[in-house]
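> fold the following for me, if possible:
(one chain, ligands or ions: 1)
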Amino acid sequence: MRQQLLAAARAVLERNWTGSFTRPGPHLYPHQWSWDSAFVAIGNAPLNAPRARIELRSLFAGEWRNGLLPHIVFAPGMPDSAYFPGAGRWDTARSPDAPRQPRTSGIVQPPVHATAVWQVHDAAPDPGFLREMLEPLVAWHDYLHRARDLRGDGLVAIHHPWESGMDNSPAWDAALAAISIPPGAVPRYPRVDLAHAPDAERPSVLDYEQYLYLVEEFKARGYDEARIRADFPFAMADPLFNAVLVRAERDLARIAAALGEDGAAFEERAERTARAIEDRLWDEEAGLYAALDLRSGRLGPARAAAGLVPLFAGVPGPARAARLVDALTGDGFWASHPLATWDRRDPAFDPRRYWRGPAWANVDWLVAAGLRASGHPDVAGRLEGALLELVSKAGFREYFDPETGAGYGSRDFSWTAALTADLLSGARPAS
Ligand code: 9WN
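Numbers count the residues shown, from 1 in each chain. Below you'll find the model as predicted:
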């Protein structure tokens, strides 16, 4: 069974390979996405390391001069109508920092990349590749600390729900509701996504209105770091994004050390961000981390599986890790199939609608790796086993109903296949 599943996962990665990057899904997502590529590189590391290196190089070809690593690098030659919002709508030529080619979006996604680079090197050592990636990775992390650490405490902000990678999570509802959209501020647009996935499985009309309004707000500021920092209407410190950064800084320190360079500054930044997660994002009553609204100063509801991901970076000590284990094995997240991305006991939970409840393979994978790293290998093994069972029944779908196990969204989804392959090939992120 394991061999068959591994062969099927490899076949998905093969079909979605374009020659320079792996499409997240065959129809819905025709371009290169940032954290998708990092997960795909992790899956390819033991299977096809040269391809993993090409994937990461292709993504970093879209890096901006100020270190911003864009969440989408648009495939050359693909019509603008293939995905919305396409390169034309982003209009990143307003920034002197954006590359002219390849064309890109103007926002970011969780920084899994240093971890992916390290894992590719770990599976197939190649100091030349590490040397090539060091500077772009440092520029990327420098950008996050310089442009996104709004209070100078080590926590970095996201300025768009798409930057979290968990687009319509209820974690963003209150902050988005506080933004009023002036009439006519959002030019008309097509919902290209609805041609490929049912309405009930995708973000709502209101969600898209808010997403597209925020895109206009970036454009109005010319994608200028200082102007965005000053008054951007949406600024959230998300536990997943920050925890992934802590882990990435530590992996960057490993990369530096492997090249005979001093990585102490990266370790120090990791410590600072980890401390800020501990001090500012922990909800003692819920026993879970939550997102902090940096504009209102309010800690949001501790109801997201993203609040478990600090385990991935070894952020919590044993007592908090034990509370996270209680939370994740309880009714809120672990239904018939793990893990619901939003607490099932909360009224905002929807088992079908994208990031408002369905189980996603990348969240399971991050949490399982975190459980291993924090001394809970049994729970990690159960979680990984349950994910493999889910995928073997429902296929490499984009996300899954945590109650029925039904698969939703894109078929042949690349990161589901890649992370399944990673689990099956027995490679584990070095903690
Ligand atoms: C917007 C590609 C991406 C993932 C995100 C997921 C979804 C895009 C969309 O698809 O977002 O970036 O069109 O909905 O939410 O995590 O990277 O797979």
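
> from the stretch 251-400 of the chain, which residue is nearest to the ligand?
Nearest residue of the stretch 251-400 of the chain to the ligand: residue 355, at 6.4 Å (C-beta to the nearest ligand atom). (Glycine included, C-beta is placed from N, CA and C.)

> can you give me every residue that contacts residue 104?
For residue 104, the contacting residues are 62, 64, 70, 72, 73, 74, 87, 90, 92, 98, by C-beta atoms under 8 Å, 6 or more residues apart in numbering.

> same thing but 7 Å
Counting by C-beta atoms under 7 Å, 6 or more residues apart in numbering, residue 104 touches 62, 70, 72, 73, 74, 92, 98.

> now it, nearest residue through space, not along the chain?
Leaving aside its chain neighbours, residue 104 sits nearest to residue 70 (3.7 Å; criterion: C-beta to C-beta, 6 or more residues apart in numbering).

> in a strand, that's where residue 131 is, yeah?
No - secondary structure assignment places residue 131 outside any strand; it is helix (DSSP: H, G, I helix; E, B strand; the rest coil).

> give me the number of residues near it?
Counted with other C-beta atoms under 10 Å, the neighbours of residue 131 add up to 13.

> how about it: what's its closest non-neighbour residue?
Spatially, and ignoring its direct neighbours in sequence, residue 131 is nearest to residue 259 (6.0 Å; C-beta to C-beta, 6+ apart).

> roughly how far does the residue nearest to residue 104 sit from the ligand?
Remark: distance between residue 70 and the ligand (C-beta to the nearest ligand atom, to the nearest Å) = 11 Å.

> residue 94 now?
20 Å.

> show the pLDDT at residue 429.
Listed pLDDT for residue 429 reads 42.

> equivalent analysis for residue 1, please.
83.

> pull the contacting residues for it.
By C-beta under 7 Å, 6+ apart, the contact list for residue 1 reads residue 392.

> against the ligand, how distant is it?
In this view, residue 1 and the ligand are 27 Å apart by C-beta to the nearest ligand atom.

> neighbours of the residue nearest to residue 104, how many?
Counted by other C-beta under 10 Å, the residues lying close to residue 70 total 25.

> mind checking the SS state of the residue lying closest to residue 93 once chain neighbours are set aside?
Distance criterion C-beta to C-beta, 6+ apart; nearest residue to residue 93, sequence neighbours excluded, is residue 100 at 7.3 Å. Following three-state DSSP, the label given to residue 100 is coil.

> which residues touch residue 306?
Contacts of residue 306 (C-beta under 7 Å, 6+ apart): 166, 171, 238, 239, 240.

> widest-spaced pair of those?
Taking C-beta to C-beta as the measure, those span a maximum distance of 10.9 Å, between 166 and 239.

> what is the mean pLDDT for stretch 228-239?
pLDDT averaged over stretch 228-239 gives 98.
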